[in-house]
Every structure is written in structure tokens, then in C-alpha cells.
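*Asks:* Here is my input, please return the structure:
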Amino acid sequence: MKGIILCGGKDTRLKPITYTTPKQLIPLANKPLLVHTLELLLNSGIREIGIIVNESSKTIFQSTLSKYFNNDFQYITYDNTQGIVHHILSVEKFIGNEKFIMVLGGNSFDIDLKKFAADFITSKKNCKILLKEVDNPEKYDVAYIGDSKIINLEEKPKRAFSNWAITGIYAFDKNIFRAFKEVKNSSHGEYGIIYAIKWLFQNGYNVDYEILEGNWRNIESSKDVVDENVNKLSYINDDIKGELINSHVCGKVILEEGAVIYNSIIRGPIIVGENSIIKYSYIGPYTSIGKEVNIDKSNVENSIIFDECVISGINIPIENSIIGEGSIINNEKGFKRINRLLVGKNTKLFLYNL
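*Replies:* Next up, the predicted model:
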């Protein structure tokens, strides 16, 4: 059985972070979202994995993943003028006649995929989808179920009469490629994944579903990123490889090699990357701090700090924030109380007024 991960899209709602970091490479608990997804597939026994990426971003995906895996993943490229149907059809040669699992790369899961994959590969089913009951189904593609069977699928309905959201994991056999070709050539111009699945069950193919047991999040906004970082940090265990000096620590902490926490108050769960330094600061729960970060006399909580950032003299708490790689945030003292900013396109600033 093979695996496919779709890492497309322009991610406009996550700018400016996604100017330099594709959404699938944003760190959650100091590990890119895509790494979590690849581990999910590998742990389910899937070894041959194709990753669909934009041609212009292929290098950053390769460079990032090489730090975590020795696996020789197959990179399948596209350009932004092509729709999702073309992206999926581009993997037909890689898949051949095998059944496969497809994951939308902007989704995060904390589930055991082994049984789902094993059941599908030994069955005569042509497609299987994972559903999750949600409170706000209008945000998602939804499935309608009757007599334990799928009777209809609907793309982000204005008013949903089902609470079963279609998650970002699908199991297919080779017939899905025929379905996508039929959808692509239809007079209706319907190009979404659910239209291909609808074509399958409307034409006599065996389409099944399973209820997802575990956590799933479709990451579309900065709030989704911060919330999913909280979820990932909830599962960490203590691992102190760096130094703790004159600091008060409670809760679970991962402190990587070369990292130092000095004269600070730490409330876990948090993770601090290699060679980062924290001095005279308060770091609150659910904070991920990357490599070679310097935090001095500051207050940070429930945030994601990318590599090589400097945060100094920030007494008013930084919370629910994402700080991009190499950012510098400091408190400039002077005769006047002012904010002095150097920001780029689509930067988002939320300033506290005393």
C-alpha cells in the first residue's frame, strides 16, 4: 500500500508566515506539520510515499524532511495554474494498480491509522473515508448517512443537515483515477475530491466510511496553528538534555541539547530547541521555542517561536502568537513612549495601548 500527501495551495490566510514557510512545514511542538503526517503513515506500515508539492517549493520540502528522515520520498510537482484534479491524476503512474491512502497536508491528526489501512487493503472496497462529528459542519464538506451507508456528499453546504464532516484522510483504489477523469470532463465543471467520490458510489463502486476516533484539525488560520500546537504539546514527556540554572520549573519540559534556562520561571508543557537561551523570563504553558532563540527579561505564553528569534525586555505578555524565523522583538527605552516598527507585506501587529 502506498501513501500520497497533498501539499498544495497558496495559504493566503497564514501570510506572512507562508511567504517563506509552506503551511505543511510550520512547526508544531518544534516539528513540522508534514513530519507528523509522515510519521502517521510510516507508523501505519506505509513505506512508499509520494508528496505533491509546488515546483518552486520542492527544494525547501526536501531540505526540511532530510533532517528528520532517511526515506527516499517521491516528490511529484505541479504549478499553481493546475487544479486539484490534475494534482491527483499526476500520481497515477506512481500508484499503479495499488490501493493507497491520501492525506490533505494541511490537516493534523492524532490517530492510529493501522487498522483503517489494514481493513481497506484486505477488503473489496474501492474507497473509504474518515468522518468526524463536528458542531459547525458548514465549515466542511459533509457526508449524509442512512442505513449505515453513505447516501450523499455535499461541499461546504450553506446549511448542513448532517454533522459528519469529511476529514482529510481518504483510502482509494485505482478506480478513483477514472472517477477524476470523468469529473474533469463533465459539463458541470465539478473538480473537488467529493465529486469524484460521489461519481464512484453513483456508478456502483463500493464506497465505505469509518468514524474517526481521535483528534483532527483542518489548519486554515493562525488560531488553528496555535491551537494545534497546544494539542501536540499536551502529549510530550519530560526530556532535559540542556541546562536548568536557578530556575523554577513545573509541568512537562523538553530542553534540547545546548539549550539553557537561567533565572527563569517555566510552566510546562513547553519545548525549547537546541542552543536556545532563556534568561530572567517567564515562559508559560503551551509554548514551542525553536533553535538558537534568545529570550531575555520577557514573558511568553501559548505561542510558537521559530528558529533564531530574539525577544528582549517584553514585560507585557506575548500570548497566542506566531513569531516567524529570525524575528527581533525588543523594548526600546527612551523619553517618549512610542512603538517603532519595521514590518513587511501582510504583517499582522496587535499592539497593547497603556
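*Asks:* shouldn't residue 309 be in contact with residue 323?
*Replies:* Yes. Look at residue 309 against residue 323 with C-beta atoms under 8 Å: they come within range, at 5.3 Å. Glycine gets a C-beta too; all of them are placed from N, C-alpha and C.
*Asks:* okay, and the common contacts of the two?
*Replies:* residue 329 (C-beta atoms under 8 Å, 6 or more residues apart in numbering).
*Asks:* quick one: residue 41 and residue 101 touch, right?
*Replies:* Yes. With contact defined as C-beta under 8 Å, residue 41 reaches residue 101; the gap is 6.6 Å.
*Asks:* From the chain's centroid, how far away is stretch 41-55?
*Replies:* Centroid separation between stretch 41-55 and its chain, computed with C-alpha atoms, centre = their mean, to the nearest Å, is 15 Å.
*Asks:* Could you do stretch 99-114 as well?
*Replies:* A distance of 11 Å separates the centroid of the chain from that of stretch 99-114, by C-alpha atoms, centre = their mean.
*Asks:* Straight-line length of that stretch, end to end?
*Replies:* Taking C-alpha to C-alpha, to the nearest Å, the first and last residues of stretch 99-114 lie 14 Å apart.
*Asks:* buried ones in that stretch?
*Replies:* 99-109, 111, 113 (16 or more other C-beta atoms under 10 Å).
*Asks:* repeat for stretch 142-149
*Replies:* Buried residues in stretch 142-149, counted by 16+ other C-beta under 10 Å: 142-143.
*Asks:* Same check on stretch 291-302?
*Replies:* In stretch 291-302, counting by 16+ other C-beta under 10 Å, buried: 291-302.
*Asks:* cool, stretch 67-75 as well?
*Replies:* Residues 73, 75 are the ones in stretch 67-75 that count as buried (16+ other C-beta under 10 Å).
*Asks:* same check, this time on stretch 49-69
*Replies:* For stretch 49-69, burial by neighbour count (16+ other C-beta under 10 Å) applies to 49-54, 57, 61, 64-65.
*Asks:* can you check stretch 112-126 too?
*Replies:* Residues of stretch 112-126 classed as buried: 113, 116-117, 120-121, 125-126 (neighbour count, 16+ other C-beta under 10 Å).
*Asks:* Please enumerate the shared neighbours of residue 41 and residue 101.
*Replies:* Common neighbours of residue 41 and residue 101 (C-beta under 8 Å, 6+ apart) are 3, 113.
*Asks:* got the CA coordinates for stretch 154-169 in PDB?
*Replies:* In PDB, the C-alpha atoms belonging to stretch 154-169 read as follows (Å, rounded to 0.1, in the frame of the first residue of the first chain):
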ATOM      1  CA  GLU A 154     -22.000  17.900  -0.100                       C
ATOM      2  CA  GLU A 155     -19.300  20.500  -0.500                       C
ATOM      3  CA  LYS A 156     -19.400  23.100   2.400                       C
ATOM      4  CA  PRO A 157     -23.200  23.500   2.400                       C
ATOM      5  CA  LYS A 158     -24.700  26.800   3.400                       C
ATOM      6  CA  ARG A 159     -27.000  24.900   5.700                       C
ATOM      7  CA  ALA A 160     -25.900  21.400   6.600                       C
ATOM      8  CA  PHE A 161     -28.400  18.700   7.700                       C
ATOM      9  CA  SER A 162     -25.500  16.400   8.800                       C
ATOM     10  CA  ASN A 163     -22.800  16.800  11.400                       C
ATOM     11  CA  TRP A 164     -20.500  14.300   9.800                       C
ATOM     12  CA  ALA A 165     -17.500  16.300   8.400                       C
ATOM     13  CA  ILE A 166     -15.300  14.600   5.800                       C
ATOM     14  CA  THR A 167     -11.700  14.700   7.200                       C
ATOM     15  CA  GLY A 168      -8.500  15.000   5.200                       C
ATOM     16  CA  ILE A 169      -7.700  11.200   5.000                       C
END
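*Asks:* Dump the buried residues of stretch 112-126 to a markdown table, plus pLDDT.
*Replies:* Below are the buried residues of stretch 112-126 laid out as a markdown table (pLDDT from 0 to 100):
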| residue | pLDDT |
| --- | --- |
| 113 | 89 |
| 116 | 89 |
| 117 | 89 |
| 120 | 90 |
| 121 | 89 |
| 125 | 91 |
| 126 | 92 |
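*Asks:* mind giving me a markdown table with those residues and columns for distance to residue 73 and secondary structure?
*Replies:* Listed next are those as a markdown table, based on distance: C-beta to C-beta, whole Å; DSSP: H, G, I helix; E, B strand; the rest coil:
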| residue | distance to residue 73 | secondary structure |
| --- | --- | --- |
| 113 | 17 | coil |
| 116 | 21 | helix |
| 117 | 18 | helix |
| 120 | 22 | helix |
| 121 | 20 | helix |
| 125 | 27 | coil |
| 126 | 26 | coil |
